[in-house]
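Q: give me the fold of what follows.
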Amino acid sequence: MNDACSKTRNKQFPNPTDASVRRLKAVANTFIELQQHRHTADYDNSRKRTRTEVLAQIESVQAAFDSWDVIADEQIAGDFLLQLLIQR
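A: Modelled structure (predicted):
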């Protein structure tokens, strides 16, 4: 999933200001950022998080789910899901 999200984040779409593209990139960015936070939480016990930081991360996940709900039936979402199954 990280590879698909990285490709999506860096992909040059024909219409980068399209709302669907922005939403898909937001989903991809959220996954990458939170996976990095998870790795830090798993392996760096010296790093403490505040309640505010954690709540902000939870809100970003909710926003990503909301974005996905909006685009789930669009071609751009189907193409992204296909990337998860097929490596190029």
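
Q: from here on, contacts and neighbour counts on C-alpha atoms
A: OK.

Q: helix, strand, or coil at residue 17?
A: Under DSSP: H, G, I helix; E, B strand; the rest coil, residue 17 falls in the coil class.

Q: any idea how far residue 39 is from it?
A: Using C-alpha to C-alpha, to the nearest Å, residue 17 is found at 31 Å from residue 39.

Q: what of residue 68?
A: Residue 68 is 24 Å from residue 39, by C-alpha to C-alpha.

Q: what sits closest to the most centrally placed residue in the chain if chain neighbours are left out?
A: Geometric centre of the chain, nearest residue: residue 28, 2.5 Å, by C-alpha atoms, centre = their mean. Nearest residue to residue 28, sequence neighbours excluded (C-alpha to C-alpha, 6 or more residues apart in numbering): residue 5, at 4.5 Å.

Q: number of residues surrounding the one you found?
A: 22 (other C-alpha atoms under 10 Å).

Q: wouldn't it be in contact with residue 29 here?
A: Yes - using C-alpha atoms under 8 Å, residue 5 is in contact with residue 29, at 7.0 Å.

Q: done for today, thanks.
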